[in-house]
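Novice: Generate a structure from the sequence data that follows.
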Amino acid sequence: MEARKQSLIDALQRFVSQRPGLDFANYGDLKAYRSEVRSITKDLHHAEELIRAVSWRDSITADDILHAAKHAHSGRLSITETAPGVFTLDYCTGQYWPTEYRRAVANVLSYALWNYWREAGDGPIGAAKRELSRGVAQRFFR
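Specialist: Prediction:
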């Protein structure tokens, strides 16, 4: 994998790995809080699976991921190359940052994969069903 893409993949992994910063006081009870935690953890697992799927495909470049970031998830995930191979990520919150930032990364990477499969002449939905987990395929490739 090219060094620039690896640097971007590493930045995406660090971004999704950060703690969501939930505040228990925002929830009425423990059941609601735990439900939110489960959903956020599922988003982490989906994002990590998509990071792996994009990372090992040499045909998907850093530029492809940057292009996807401009078009997927309403462009809310900004990826800036501050120096050659140095990336910073920023997420513009829609409603509640802890429940959105990981999903934004997953949306960007699923967009990049969709384009990759489409350009390769593969049907993106069928390819996703063959190559990704059922949960990721159903959520991001309908």
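Novice: Just give the nearest non-adjacent residue to Thr99, would you?
Specialist: Using C-beta to C-beta, 6 or more residues apart in numbering and skipping residues adjacent in sequence, the residue nearest Thr99 is Ile40, 6.1 Å away. (Each C-beta comes from the backbone N, C-alpha and C, glycine too.)
Novice: Tell me how many other residues crowd the one you found.
Specialist: Residues near Ile40, counting by other C-beta atoms under 10 Å, number 18.
Novice: Tell me the confidence at it?
Specialist: For Ile40, the pLDDT comes out at 98.
Novice: same thing with the one 5 residues further on?
Specialist: Model confidence at His45, given as pLDDT, is 98.
Novice: for Thr61, same thing?
Specialist: What the model reports as pLDDT for Thr61 is 97.
Novice: show me the contacts for the closest residue to it other than its chain neighbours.
Specialist: Among residues not flanking Thr61 along the chain, Lys5 sits closest, at 6.0 Å (C-beta to C-beta, 6+ apart). Taking C-beta atoms under 8 Å, 6 or more residues apart in numbering, we find Lys5 in contact with 55, 60-62, 65.
Novice: Closest to Asn26 out of those residues?
Specialist: Closest approach to Asn26 among the contacts of Lys5 (C-beta to C-beta): Ile65, at 32.2 Å.
Novice: In a strand, Ile79, correct?
Specialist: Yes - membership of Ile79 in a strand is supported by DSSP: H, G, I helix; E, B strand; the rest coil.
Novice: Helices along this protein, start to end?
Specialist: Secondary structure of the chain (DSSP state H): helices at 3-17, 30-55, 62-71, 101-119, 124-131, 134-140.
Novice: So what's the residue count around the closest residue in space to Ala72 that isn't next to it in sequence?
Specialist: Leaving aside its sequence neighbours, Ala72 sits nearest to Tyr111 (C-beta to C-beta, 6+ apart; 3.7 Å). Counted with other C-beta under 10 Å, residues neighbouring Tyr111 total 21.
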